[in-house]
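# return atomic coordinates for the entry below.
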Amino acid sequence: MKLLALAIVLALLGCSERDAARKPLAAPSGDAGAGKLFAERECKGCHGLDGKGAAPAIPHLAAQRESYLLASLRAYKEGKRTHAALKEIATQMSDADARNIAAYYAGLPPVQAATGETKTVSPYERGQSLAAACAKCHGEDGNSTTPGIPTLAGQQPHYLVAAIQEYLASERKAAPMHALLPSLSRLDKESLALYFASQTPQARAAPSFGDPAAGEPLTAVCGGCHGSHGVSIDTATPILAGQDAQYLVQAIKAYRTTRQRETMRAYVQKLSDKEIGNIAAFYSVQKSRPAEKGQTLVQELTDKCNRCHDAQVDNPSAPIPKIGGQDRDYLIMALRAYRDDRRESTTMHKMSLPYGDAVIDSIASYYAAQPAK
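Next up, the predicted model:
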């Protein structure tokens, strides 16, 4: 997800093909009639003669840009995109065949989704509804007021997902309410984490124990991972600023025994209980801030995507697909592939890398719901 700062980014095959387009593309000047004959023999089983994917996760080709279709065929032929059947077909194609098939599908009317077929899902709103079950202990907005119960507001989203997994694996001491966690899907966990990460942490008064001033110099080692004054900029490393002091003491001591982080254990074992109390006191009074902006994240990401993928933008020298109205499952699959570096594109990989499946799901749903042009 950053869990998000970019999914995104999304897109079917995205800005990337700017990276792949090192060789000049032949001008799209194919014979659509000959392309239809080729499609009847080789393509209609998956993409149909109307250019509509025959099943979920198969992309629509109708009205797609010729330059992009040509670039995709070349990527399959060269092994830059992986699909056994497509690689075989592309390898056997002549340049003329490729231009013909691109001209045929590009000339078809776009595929329009049925009304209400695709619904845009907001991970923030999904997370907000799930958070109601957490309010009794962690507060309605994730700001805990109970000593020993951690504040979730403003926490890093990837860390929150990892923490949930550790409770499920019995690597942390679970509370009764944690019995609800096994029922959460991966998308639920990421959405819940995004919601809490987007809440504003409330300032805390100094705890009744520990000396914040004495704790500050002891945090010099901690700052390398947890950031200045406990405000981490790594989505997988927890923010300590503004956290409940009693919880921090419990967590730090747990690294001596049950929590599995050898680097933490090596440092914590050197600390006395008094020093741990001082460190917790220091971090508890530091000012924190939301780690994410889940309320506006999807809109901000789609605005970025539109800079390249807007239907009005066409640059044959850097083929970029139109993605409005594209198959949702295919968009999800493509974005995950860019994120996980299984599909070549330096630009798309960098944009998608920070995001979890919940954000990618939302971006894909948004574009699948847009009218195809």
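
# so residue 218 makes contact with residue 270?
No. With contact defined as Cβ atoms under 8 Å, residue 218 does not count as touching residue 270 (10.2 Å). Heads up, the C-betas are built off the backbone N, CA and C, glycines and all.

# what about those two, which has more around it?
With neighbours defined as other Cβ atoms under 10 Å, residue 218 and residue 270 compare such that residue 218 has more, 15 against 8.

# from residue 272, how far off is the more buried one?
According to Cβ to Cβ, to the nearest Å, residue 218 stands 10 Å off from residue 272.

# shared neighbours of these two, anything?
By Cβ atoms under 8 Å, 6 or more residues apart in numbering, residue 218 and residue 272 have no common neighbours.

# tell me which residue lies nearest the centroid of this structure.
residue 355 (1.9 Å; Cα atoms, centre = their mean).

# and residue 196, helix, strand or coil?
Under DSSP: H, G, I helix; E, B strand; the rest coil, the three-state class of residue 196 is helix.

# pLDDT weak spots in the stretch 1-150 of the chain?
Along the stretch 1-150 of the chain, the model assigns pLDDT under 70 to residues 1-28, 115-118.

# need the helices for it, in chain order.
Using DSSP state H, counting those that start in this stretch, the helices found in the stretch 1-150 of the chain span residues 17-20, 32-42, 44-47, 66-77, 84-92, 95-106, 123-131, 135-138.

# now the ones you listed in a markdown table, with distance to residue 299 and mean neighbour count?
Formatted as a markdown table, the helices of the stretch 1-150 of the chain follow (distance: least, Cβ to Cβ, whole Å; neighbours: other Cβ atoms under 10 Å):
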| stretch | distance to residue 299 | mean neighbour count |
| --- | --- | --- |
| helix 17-20 | 24 | 20 |
| helix 32-42 | 37 | 16 |
| helix 44-47 | 31 | 15 |
| helix 66-77 | 25 | 23 |
| helix 84-92 | 34 | 14 |
| helix 95-106 | 30 | 23 |
| helix 123-131 | 11 | 20 |
| helix 135-138 | 27 | 15 |
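
# export those helices to JSON lines and tack on distance to residue 231?
As requested, the helices of the stretch 1-150 of the chain are arranged in JSON lines below (distance: least, Cβ to Cβ, whole Å):
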{"stretch": "helix 17-20", "distance to residue 231": "34"}
{"stretch": "helix 32-42", "distance to residue 231": "56"}
{"stretch": "helix 44-47", "distance to residue 231": "49"}
{"stretch": "helix 66-77", "distance to residue 231": "42"}
{"stretch": "helix 84-92", "distance to residue 231": "47"}
{"stretch": "helix 95-106", "distance to residue 231": "50"}
{"stretch": "helix 123-131", "distance to residue 231": "22"}
{"stretch": "helix 135-138", "distance to residue 231": "20"}
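
# residue 190 sits in which helix or strand?
In this structure, residue 190 sits in helix 186-197 according to DSSP states H and E.

# and for that helix, what's in contact with it?
Residues from elsewhere that reach helix 186-197 (Cβ under 8 Å, 6+ apart): 1, 3-4, 123-124, 126-128, 130-131, 134, 138, 142, 152-158, 160-161, 164-165, 184, 290-292, 294, 297, 356-359, 361.

# identify each buried residue in stretch 142-149, please.
In terms of neighbour count (16 or more other Cβ atoms under 10 Å), stretch 142-149 has its buried residues at 142-144, 149.

# which of those residues fall within strands?
Counting by DSSP state E, no part of these is found in strands.

# ok, so of those, who is nearest residue 99?
Ranked by distance to residue 99 (Cβ to Cβ), those are led by residue 142 at 55.9 Å.

# distance of the closest one relative to residue 355?
Relative to residue 355, residue 142 is positioned 21 Å away (Cβ to Cβ).

# and residue 226, by the same measure?
Per Cβ to Cβ, residue 226 is found 23 Å from residue 355.

# ok, now residue 298?
Taken as Cβ to Cβ, the span from residue 298 to residue 355 is 11 Å.

# can you check residue 371 too?
Distance from residue 371 to residue 355, by Cβ to Cβ: 25 Å.

# for residue 119, same thing?
Residue 119 is 20 Å from residue 355, by Cβ to Cβ.

# same check on residue 327?
Here the distance between residue 327 and residue 355 works out to 20 Å (Cβ to Cβ).

# what's the answer for residue 42, then?
Residue 42 sits 35 Å away from residue 355, going by Cβ to Cβ.

# same check, this time on residue 160
Distance, residue 160 to residue 355, using Cβ to Cβ: 15 Å.

# over to residue 266?
Counting by Cβ to Cβ, the gap from residue 266 to residue 355 is 32 Å.

# got it, and residue 191?
Separation of residue 191 from residue 355 (Cβ to Cβ) stands at 12 Å.

# any weak-confidence spans in the stretch 201-350 of the chain?
Judged by pLDDT under 70, the stretch 201-350 of the chain has its weakly predicted residues at 311, 313, 349.

# how about the helices in it?
Under DSSP H, counting those that start in this stretch, the stretch 201-350 of the chain gives helices at 212-215, 223-226, 245-254, 262-268, 273-284, 297-309, 328-339, 346-352.

# nearest to residue 91, of those helices?
Ranking the helices of the stretch 201-350 of the chain by proximity to residue 91 (Cβ to Cβ) places helix 328-339 first, at 20.8 Å.

# that closest one packs against which elements?
With contacts defined as 3 or more Cβ pairs under 8 Å, 6 or more residues apart in numbering; DSSP states H and E, helix 328-339 has these neighbours: helix 346-352, helix 357-368.

# turn the ones you listed into CSV, including distance to residue 79 and mean neighbour count.
Shown next, in CSV, are the helices and strands packed on helix 328-339 (distance: least, Cβ to Cβ, whole Å; neighbours: other Cβ under 10 Å):
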stretch, distance to residue 79, mean neighbour count
helix 346-352, 17, 21
helix 357-368, 25, 27
